[in-house]
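Q: Below is the sequence, then the predicted model.
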Amino acid sequence: MPRTPPDVRLIFAIRIARLFAYGSSSVILALYLAQAGLNEGQIGLLLSLTLVGDTIITLWLSTRADRLGRRRMLGAGAVLMCLAGATFALRRDFLALLVAATLGVMSPSGNEVGPFLPIEQAAMAQIVPAGARTRVFAWYNLAGSLATAFGSLAAGGLSLALLRAGFSALESYRAVLLGYAGLGLLLVGLALRLSPRIEVPRNQFGDGRPIDHLGLGRSRPIVLKMAGLFSLDAFGGGFVVQSLMAYWFHLRFGADVGLLGAIFFAANLLAAASALSAAWLAERIGLLRTMVFTHLPSNVLLIAVPWMPTLPLAIALLLLRFSISQMDVPTRQAYLMTVVMPDERSAAAGLTGTARSIGASAAPMLATPLLGNPALSGLPFLLSGALKIAYDVLLYRQLRDVPLAADQESG
C-alpha cells in the first residue's frame, strides 16, 4: 500500500503486534489456567470476566477518545494489556487472576478486545478517503489475521520447544504470557509515535448537535440498532472462542499444543484471505449482502464440526469455515464509519464493540462445563452456529432498507 499515509502504516504496526500477542495467548490460556490448578468452572469464570472487563474498558476509553485524544486512549489500553499479561504470568492465586482478568486487557479468543479497534477505525476513517476505506479495512483485517496466525504458531512452537527442553508445562505457557506483556509495552511506544492528524479537527466537533454522555448525537438510532444485532452475533461466537476450541480439540482428540498452534495458524491464514476478498465482493454485491451471504454458510460449517468422527475431518471442516468466516468484518467496519458523523466514530465503534463484548462475555462460562462432559461437548458449536444464523437473518431484515448515505465530511 505505497500511498498509505504514515499514520495508517503505524496503526497497522500496532495492530500486528497486538494481534500477534492475542493469538499467542489464546492458544495456551485455558491450558495454562488448568496447569495453575484452576478447575473448569474457575477457568470459564475467568474467561468470561476477561471479556466483561474488556467491555468496560472499551466503553470508557472509546467514548472519550474523540475528545480526550485517540493517541492517549490507545496508550492507556496498551498499559492495561501489559499489566494483564504480567499478572497472569507471575501470579497463580485466583483472586489476583480475577482482578487482572477484569481490569486488564486479555483476549481469550485471539480476536480484538479492548479500546484499540474502535479508536483505530475512527483514526483511519479520519485520514483515508471514503472510497478507499473498505479496501484499507480489508488490508487492516488481513494484517491482524496474519498476526494472529503467526502468534498462534509461535505460542505452540515455543511451548513445545520448552517442554522438550525439560521445562514444565506451567513454565512453558508462562513464557508465552511474559511475551504478551512485553508486546503490550511495545504498543505503548508505538502509540506515542502517532501524529495529531488522527485526532478529530476542532472544526468538526458538534456543529451545534447535542452529544450525549456516550459520545453520540445524530448517529444514535442506527448505532443502537447495530449494537443490539452485533451483541447477538458475539454471544453466539463466545461459545467457541479460540481458547475453548483449542481446549475442545485437546479433550476430544488429544491434540497437543504444537498441533493446536498449527491448526489455528492455518485457520487464521484462511481468515486473513477471506477478509481481503471482502472488498472485491462488496464492490459487486454491496456491503450488507457481503456481510450476510458469506456469514451464513460459515455458521453451517461451524455446526458440523463436532459431528466429524476423526481429527483430520474436524480440522478440515474448521479450516473451510475459517476460509469464509471473516468476510463480514471489513464490510461491517466500512458500513459503520460511513453512516456516523466524524466526531462520533470512536464512540460508535466503541459502543458496537462493547455490545459485542457484552454478548460474548457470558458464553464461555456456559460453554466450558459442557466441554467437560463428553456427551455435551459438541453443544457449544451447535448453539454458536444457530445464534449466528439468527443474527444473519435479523441483520438483513433490519438493515436492507437503510440507505448508505454519502460521506458525512467534505473530501
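A: Noted; the coordinates are in hand. Residues are numbered from 1 along each chain as shown.
Q: which residues of the stretch 101-250 of the chain fall in helices?
A: Taking DSSP state H, counting those that start in this stretch, the helices of the stretch 101-250 of the chain run over residues 116-127, 133-164, 169-192, 220-237, 242-253.
Q: just to confirm, which helix or strand has the residue nearest to residue 151 when sequence neighbours are not counted in it?
A: Residue nearest to residue 151 in three dimensions, not counting chain neighbours: residue 23, with 2.8 Å by Cβ to Cβ, 6 or more residues apart in numbering. (C-beta placed from N, C-alpha, C; glycine too.) Assigned by DSSP states H and E, residue 23 belongs to helix 6-35.
Q: Determine the angle, from 0 to 180 degrees, between that helix and helix 169-192.
A: Calculated by axes from the mean of the first three to the mean of the last three Cα atoms, to 10 degrees, helix 6-35 forms an angle of 160 degrees with helix 169-192.
Q: please renumber so the chain begins at 644
A: Right, with 644 as the first residue, what we last looked at is helix 649-678.
Q: for helix 649-678, packing partners?
A: helix 683-711, helix 713-733, helix 759-770, helix 776-807, helix 812-835, helix 885-896, helix 900-928 (3 or more Cβ pairs under 8 Å, 6 or more residues apart in numbering; DSSP states H and E).
Q: how many other residues sit next to residue 772?
A: Residue 772 has 11 neighbours, counted by other Cβ atoms under 10 Å.
Q: got a pLDDT number for it?
A: In this prediction, residue 772 carries a pLDDT score of 80.
Q: Would you mind measuring from it to residue 653?
A: From residue 772 across to residue 653, the span is 19 Å (Cβ to Cβ, to the nearest Å).
Q: measure residue 680 to residue 758 for me?
A: 32 Å.
Q: And those two? Which one has more around it.
A: The residue with more neighbours, out of residue 680 and residue 758, is residue 758; 31 against 11, by other Cβ under 10 Å.
Q: isn't the more buried one right up against residue 716?
A: Yes. Here residue 758 reaches residue 716: they are 5.7 Å apart, a contact under Cβ atoms under 8 Å.
Q: Chain neighbours aside, what residue packs nearest to residue 727?
A: residue 747 (2.4 Å).
Q: My guess is the one you found contacts residue 724. True?
A: Yes. The pair residue 747 / residue 724 is scored as a contact, 6.9 Å apart, by Cβ under 8 Å.
Q: In terms of neighbours, single out the busier of these two.
A: More crowded of residue 747 and residue 724, by other Cβ under 10 Å: residue 724, with 29 against 25.
Q: quick one: contacts for that one?
A: 661, 664, 747-749, 757, 823-824, 826-827, 830 (Cβ atoms under 8 Å, 6 or more residues apart in numbering).
Q: Also residue 1028?
A: Residue 1028 neighbours (Cβ under 8 Å, 6+ apart): 879, 942-943, 945-946.
Q: Is it possible to get a markdown table of the helices of the stretch 744-893 of the chain that adds mean neighbour count and distance to residue 1017?
A: Converted to a markdown table, the helices of the stretch 744-893 of the chain look like this (neighbours: other Cβ atoms under 10 Å; distance: least, Cβ to Cβ, whole Å):
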| stretch | mean neighbour count | distance to residue 1017 |
| --- | --- | --- |
| helix 759-770 | 25 | 37 |
| helix 776-807 | 23 | 25 |
| helix 812-835 | 19 | 23 |
| helix 863-880 | 20 | 23 |
| helix 885-896 | 22 | 8 |
